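*Asks:* this one's structure only:
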């Protein structure tokens, strides 16, 4: 059985609080209905699938997906993902408010993530002002890195 402290450490190392923002003005994204997609993700190697299953059982929400990785020296992975906004609001955010990530960078990402999910619950993303606020908050996530946007950066082997 996994503990809250184990989950905090696991998320510090292998977890992510992410918000994908789709630009409907781009031709490739016009068909997408949702403009803002918050996700809590933990990704592990295939051999560690049982840990993700325990995580899903602990939170009683989310899904586990197979995630192939074609890069050299990488193995098949699985990811536990919670993207349902109600589950994020009622389960994931309260848990990490009570047991925040230890790593300062991960704590900042969580705080921004929680603000964005709460803004979505209030439908602030439906206004241009609110959508812009969400974009600004999202840009601060992951240390404000260039790869925090969409699509994710594909790193090349040197």
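*Replies:* Thanks, I have it. All values derive from a computational prediction rather than experimental measurement. Numbering: from 1, shown residues only.

*Asks:* partner strands of the longest strand along the chain and their direction?
*Replies:* As assigned by DSSP state E, the longest strand anywhere in the chain is strand 36-45. The strands that strand 36-45 pairs with in its sheet are strand 15-21 (antiparallel), strand 77-82 (antiparallel) (by DSSP bridges).

*Asks:* what mean pLDDT does the helix or strand that it is followed by get?
*Replies:* Downstream of strand 36-45, the next assigned helix or strand under DSSP states H and E is helix 49-59. Mean pLDDT, computed over helix 49-59, is 97.

*Asks:* which strands and helices sit next to the helix or strand just after helix 49-59?
*Replies:* Once helix 49-59 ends, the next helix or strand along the chain (criterion: DSSP H and E) is strand 63-67. Here strand 63-67 touches helix 49-59, strand 77-82, going by 3 or more CB pairs under 8 Å, 6 or more residues apart in numbering; DSSP states H and E. All C-beta spots, glycine's among them, are computed from the backbone N, C-alpha and C.

*Asks:* can we see that at 10 Å?
*Replies:* If contacts are counted by 3 or more CB pairs under 10 Å, 6 or more residues apart in numbering; DSSP states H and E, strand 63-67 sits against strand 36-45, helix 49-59, strand 77-82.

*Asks:* may I see the ones you listed organised as CSV, with distance to residue 69 and mean neighbour count added?
*Replies:* Putting those into CSV (distance: least, CB to CB, whole Å; neighbours: other CB atoms under 10 Å) gives the following:
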stretch, distance to residue 69, mean neighbour count
strand 36-45, 9, 20
helix 49-59, 14, 16
strand 77-82, 6, 21
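
*Asks:* model confidence over the longest helix that the chain contains, on average?
*Replies:* Under DSSP state H, the helix in the chain containing the largest number of residues is helix 104-121. Per-residue pLDDT over helix 104-121 has a mean of 96.

*Asks:* off-centre distance for that helix?
*Replies:* 10 Å (CA atoms, centre = their mean, to the nearest Å).
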